[in-house]
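1. coordinates only, sequence not included:
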């Protein structure tokens, strides 16, 4: 590891980006009486609930690895080690992937087509304002080790 102690300089907590997208979508649905998904509540509950459980598990599988390795989970703090095991063998961003899956589950449960339509914008903001900064920091902090990991493992899957 090099001496990159600055962190990724992420200024806004990533979960709030997802919450903001959901709030805007659901608020737009309610205020503007927009079209819904049109699925029966039982289907929405089963599909949305399954997605939420999956998203929760993906998020916490990644967070648990960071905790066990005693490295920063918060993207504005410096990392003490590069974590590449467990779920991080399949995705470089399990917490953001999990949040996206959880977002979809909530949008389905709440019958919000607008929230689903906003998801690509939410992901674009996460990519530009969070992931790009984290990746630049990890390249400074871990150099070749991170670049090799980046070659092996996709950003999302």
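-> Perfect, thanks for sending it. Small disclaimer: the values here were computed from a predicted structure and weren't measured. Numbers count the residues shown, from 1 in each chain.

2. Next up, the contacts around residue 98.
-> Listed by C-beta atoms under 8 Å, 6 or more residues apart in numbering, the contact partners of residue 98 are 54-62. The C-beta positions use only the backbone N, C-alpha and C, and glycine is treated the same way.

3. List only those of those flagged as buried.
-> 55, 58-59, 61-62 (16 or more other C-beta atoms under 10 Å).

4. Would you format the residues you listed as CSV with secondary structure included?
-> Putting the buried ones among the contacts of residue 98 into CSV (DSSP: H, G, I helix; E, B strand; the rest coil) gives the following:
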residue, secondary structure
55, helix
58, helix
59, helix
61, helix
62, helix
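
5. low pLDDT regions in the protein?
-> Along the chain, the model assigns pLDDT under 70 to residues 1-5.

6. middle-most residue in it, spatially?
-> Nearest to the geometric centre of the chain sits residue 96, at 1.2 Å (C-alpha atoms, centre = their mean).

7. Tell me the secondary structure at residue 38.
-> Reduced to three states with three-state DSSP, the structure at residue 38 is coil.
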